[in-house]
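Trainee: Below: sequence and its predicted model.
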Amino acid sequence: MTTAVKQATEWTAQELYERLYRGDLFFVLDVRNREEFSAWKLEGRAKLPTLNIPYFEILEEGGKDDVVESVVAYAQAKLVSQLPKDGTILVVCAKGGTSAFVAEGLRQLGYDAVNLAGGMKAWGDFYQIKPVVESQALSIYQVIRPARGCLSYIVASQGEAAVIDPLRHIEHYLNFAKEKNLRIKLVLDTHGHADHISGGRALADKVNAPYHFHPYDAIHPIDVLPAQLRFEFLRDGQEFSVGSATIKTIHIPGHTLGNVVYLVNEKYLMTGDSIFVESVARPDLGGRGEAWAPLHYRAFERLLKLPDSTVILPGHFSQPKEANGQGLFMATLGELKAKNEGLQMVQKGEQAFVQYMLSSLPTFPPQYVDIKRVNAGLLVPDEEKASELELGKNICALAQAYQ
Amino acid sequence: MTFDKVLDARGLACPMPIVKARQEINQLQVGQVLKVLSTDRGSVKDFQGWAQTAKNIQLLAQETQTENGKEIYVHYIKRTS
């Protein structure tokens, strides 16, 4: 007699994350419309075989009144040769409702089909927190929003904590601090972000802590209007104490005029948008690429003078395969000097680097102008608008990283 | 925009606005127009895509209305054959 093992019919975002970062291979059937699919899709360490068939084509061509019956009819007519008979098929849509019907239809045909619970919305809002170092004297946690390629940090010592570049869903930081018994006493942004909405002001309000960023980024670079939200000025060299740890500010204008990096205990460098693992940040998101590129060069020149043992903790990644074995996005400066194309170009001098940067600019997403407005308090979006502005993966690095 | 029937799909999640619109359109005469109300923002792109796929309809217009601070997405679809 065999014991029936009930097959899972859905994966949560957490389960998806674990499989993507383990490098599991599975088939993805994405039933969103073609525009949404081409703007943003699932990526793992392994290249996932993926098929995009908008659900309305399945409904229309399946032709039945019942959704699952339409899926069965469509799949029998059109998908048999395209879907794998062995192995899991993950079905995804925008919010997880439609894909549940599609997965059900495929299961009726004998496929091992599972639904992504909550769809791409849930995946886009998924966060994972992982320790970089952990001790009473100093803990650093990398807060990862995998779908967007956004990274932020919690620096903790002796029960106190600072949060660097908090993302919009501040409950993740609040819950984590509560769980670890940490008092968040300081909120820091590295710059006025263009690709995502900062959680800085909201988090600082919630824990009654000061919120710092550099005043140059309190002027929207395209509107040339001053910020409409409260913040504390930050200056080059400014130091903060968190428990027994020290956070030092280094002002490196280039990506933005107020761009800074934070050096923790002279060893861990939160680079925000400057040095990434595979690439370097672009200089043009303030609309002044040519004028800012030489500043950006001098920023990297300054960072490259830090010891090779400095641990680089970036503000973004472009692809899951950049993560190390623990799923962390980090490397020493010495390692990156040897393998990061952008940093190698810096060593060729200002002229070559500026030319390299300006010839490697990816598209400028139009919503980035609005996101900078939100981060300066010049625009207040509702949840749906905020979610729409942030849809998809960040494009803050030079183009090389995407090839 | 004139129309012959209204489908109130407010509050319905994907794929139901299109599932119900397909059923309604098949009840209409050729040439008649269905007005669909939806609260799902994704319905805007999805109705455009559906109209390109389906051989018997034409998407005449789409508009966004605000009702009690909530956005309503309105689609006008004509049965063409």
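Mentor: It's in.
Trainee: ok, residue A:345 - how many residues close by?
Mentor: By other Cβ atoms under 10 Å in any protein chain shown, 21 other residues sit near residue A:345. (Each C-beta comes from the backbone N, C-alpha and C, glycine too.)
Trainee: Can you name the residues in contact with the helix or strand it falls within?
Mentor: Element membership for residue A:345 (DSSP states H and E) is helix A:341-346. Residues outside helix A:341-346 that contact it (Cβ atoms under 8 Å, 6 or more residues apart in numbering or on different chains): A:275-276, A:278-280, A:297, A:300-301, A:304, A:336-337, A:352-353, A:356-357, A:398, A:400.
Trainee: run the last query once more with 6 Å
Mentor: Outside helix A:341-346, the residues that touch it by Cβ atoms under 6 Å, 6 or more residues apart in numbering or on different chains are A:279-280, A:300, A:336-337, A:353, A:356, A:400.
Trainee: any idea of the mean pLDDT in whichever helix or strand comes after that helix?
Mentor: Next in sequence after helix A:341-346, counting helices and strands by DSSP H and E, comes helix A:350-358. In this model, helix A:350-358 has a mean pLDDT of 94.
Trainee: What about the contacts of helix A:341-346, which are in helices?
Mentor: A:300, A:336-337, A:353, A:356 (DSSP state H).
Trainee: Nearest to residue A:156, out of these: which one, please.
Mentor: Nearest to residue A:156 out of the ones in helices among the contacts of helix A:341-346 is residue A:336 (Cβ to Cβ; 25.3 Å).
Trainee: For whatever residue of the stretch 1-150 of chain A ends up closest to chain B, grab phi and psi.
Mentor: Per Cβ to the nearest Cβ, residue A:56 is where the stretch 1-150 of chain A lies closest to chain B, at 3.8 Å. Main-chain torsions, residue A:56, degrees, to the nearest 10: phi -70, psi -20.
Trainee: Show me how far stretch A:116-133 is from its chain's centre.
Mentor: A distance of 10 Å separates the C-alpha centroid of stretch A:116-133 from that of its chain, computed with Cα atoms, centre = their mean, to the nearest Å.
Trainee: in chain A, which spans are helices?
Mentor: Taking DSSP H, the helices of chain A run over residues A:13-22, A:34-39, A:55-62, A:67-74, A:97-108, A:119-124, A:171-179, A:200-207, A:289-303, A:333-339, A:341-346, A:350-358, A:367-375, A:383-389.
Trainee: So for residue B:63, which of the ones you listed sits nearest?
Mentor: Between residue B:63 and the helices of chain A, the tightest spacing by Cβ to Cβ is seen for helix A:383-389, at 17.6 Å.
Trainee: Quick one: mean pLDDT for that closest one?
Mentor: For helix A:383-389, mean pLDDT rounds to 87.
Trainee: Sort out which residues of that helix are buried, please.
Mentor: Under the neighbour-count criterion of 16 or more other Cβ atoms under 10 Å in any protein chain shown, helix A:383-389 has A:387, A:389 buried.
Trainee: what's that helix packed up against?
Mentor: Under the contact criterion of 3 or more Cβ pairs under 6 Å, 6 or more residues apart in numbering or on different chains; DSSP states H and E, helix A:383-389 touches helix A:367-375.
Trainee: Check which helices and strands the helix it packs on is in contact with.
Mentor: If you count contacts as 3+ Cβ pairs under 6 Å, 6+ apart, helix A:367-375 packs onto helix A:383-389.
Trainee: Between the ones in helices among the contacts of helix A:341-346, which sits nearest chain B?
Mentor: So of the ones in helices among the contacts of helix A:341-346, ranked by how close each gets to chain B (Cβ to the nearest Cβ), first place is residue A:356, at 37.1 Å.
Trainee: Report pLDDT for the residue nearest to the closest one when sequence neighbours are not counted.
Mentor: Using Cβ to Cβ, 6 or more residues apart in numbering or on different chains and skipping the chain neighbours, the partner closest in space to residue A:356 is residue A:345 (4.6 Å). Listed pLDDT for residue A:345 reads 93.
Trainee: cool, residue A:394 as well?
Mentor: 88.
Trainee: ok, it to residue A:253 distance?
Mentor: 20 Å (Cβ to Cβ, to the nearest Å).
Trainee: Repeat that for residue A:125.
Mentor: Counting by Cβ to Cβ, the gap from residue A:125 to residue A:253 is 32 Å.
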